[in-house]
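[1] Quick one, what's the 3D model for this:
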Amino acid sequence: MSSWCTIESDPGVFTELIEQIGVTGVQVEELYSLDESSFEDVKPVYGLIFLFKWRHGEKDDRPVTENEKVFFASQVINNACATQAILSILLNCPDIDIGTELQNFKNFTMDFPPESKGLAISNSDLIRTVHNSFARPEPFVFGGKSVEKDDDLYHFISYVPIEGHLWELDGLKGGPIDLGTCTTSDWADKVRPVIQKRIEKYAKSEIRFNLLAVIGNKKQIYTREIHNWEQNIATMNTLAAEAEGEEAEDLKQKIQAAQEEVTKLQNKIAAEEEKFRSWKAENVRRKHNYVPFLVNLLRILAEKGELMPLVQKAKGSKSK
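    Predicted structure coming up:
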């Protein structure tokens, strides 16, 4: 079984990863608050990914539930939990276009037990290759290192509404955990206290948490909204051509207001495009190995006799 690297918990990384495995119409956003307004701003929300520091030997007495309608995979390999948390949402949401390859994977593994599903994920060339493409270059490798008790280990779990119930999907558990009934409109209200309780549980000793939302692609949503507004504007223009007096003036004001909404949406699209460009550039920097450049730079400085003076200057600055 081929190894998996660790990847950074970042919306730009997760969004590009999702795109590269063939999923369309989806992006990932980081949430900085559990307030209702935070969820409202990024609707539709298909699922949440929660990152927290994993503790050795921690017990969880909540029962797991077998449900054939829930795609649940056990985590059978280190470092795969980030991508597995993403897949737990993608493969459980019928409203997401997951693409041909991922759909075939889901159909093929649907009747597998959780451990076999986890093995199938780990052995998927597509999923593993895309995941590992986000590895940060490691210039110096000192051999394998076993996990020690005091190491900082972080774990990803997913929260997603499926078939009228809110589910917690954690690959380290024996199965999915049913958190109760919900609807597509109120599930965010149901998950909020669950996450808050988990944060409070660790709050005295840990402040590093990360909450990411898998949501609809904002640019596509704004584009559809612009299309609807433009259709309304066209209809009102037709009516205004035949209207007179107060009716014509009223339509004129409504057309102006609609055009202002279109402008706002166009500005939002521009902001999304800029954000995606920034994500793409940052992902390129993440993947690039700068060590050969730095080694060559140091060699040139040494040949010119400029390296040691810089080292001495740095030491002098540090001692002040």
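
[2] Show me what the helix ranked longest in the chain is packed against.
    Longest among the helix segments of the chain by residue count, using DSSP state H, is helix 245-287. Secondary-structure packing of helix 245-287 (3 or more CB pairs under 8 Å, 6 or more residues apart in numbering; DSSP states H and E): helix 11-20, helix 218-242. For every residue, glycine as well, the C-beta is placed using N, CA and C.

[3] Mind giving me the packing neighbours of the longest one?
    Looking back up the chat, that one is helix 218-242. Here helix 218-242 touches helix 245-287, going by 3+ CB pairs under 8 Å, 6+ apart.

[4] quick check: angle from the helix it packs on to helix 11-20?
    90 degrees (axes from the mean of the first three to the mean of the last three CA atoms, to 10 degrees).

[5] ok, residue 159 - contacts?
    47, 48, 50, 166, 167, 168, 169, 179, 191, 194, 195 (CB atoms under 8 Å, 6 or more residues apart in numbering).

[6] and which of these is nearest residue 31?
    Nearest to residue 31 among those is residue 48, at 7.7 Å by CB to CB.

[7] Look at the closest one and tell me its secondary structure.
    What DSSP: H, G, I helix; E, B strand; the rest coil gives for residue 48 is strand.

[8] got it, and residue 27?
    Of the three states, residue 27 takes strand under three-state DSSP.

[9] Leaving out chain neighbours, which residue sits closest to it?
    Nearest non-adjacent residue to residue 27, counting by CB to CB, 6 or more residues apart in numbering: residue 15, 4.6 Å away.

[10] Quick check, the one you found in contact with residue 279.
    Yes. At 6.5 Å, residue 15 counts as touching residue 279 under the criterion of CB atoms under 8 Å.

[11] same for the strand or helix carrying residue 119, what does it pack against?
    Residue 119 is located in helix 114-122, with elements delineated by DSSP states H and E. Applying 3+ CB pairs under 8 Å, 6+ apart, one finds that helix 114-122 contacts helix 81-90, helix 99-109.

[12] Which among those helices is found nearest to residue 11?
    For residue 11, the closest of the helices and strands packed on helix 114-122 is helix 81-90, at 11.4 Å, according to CB to CB.
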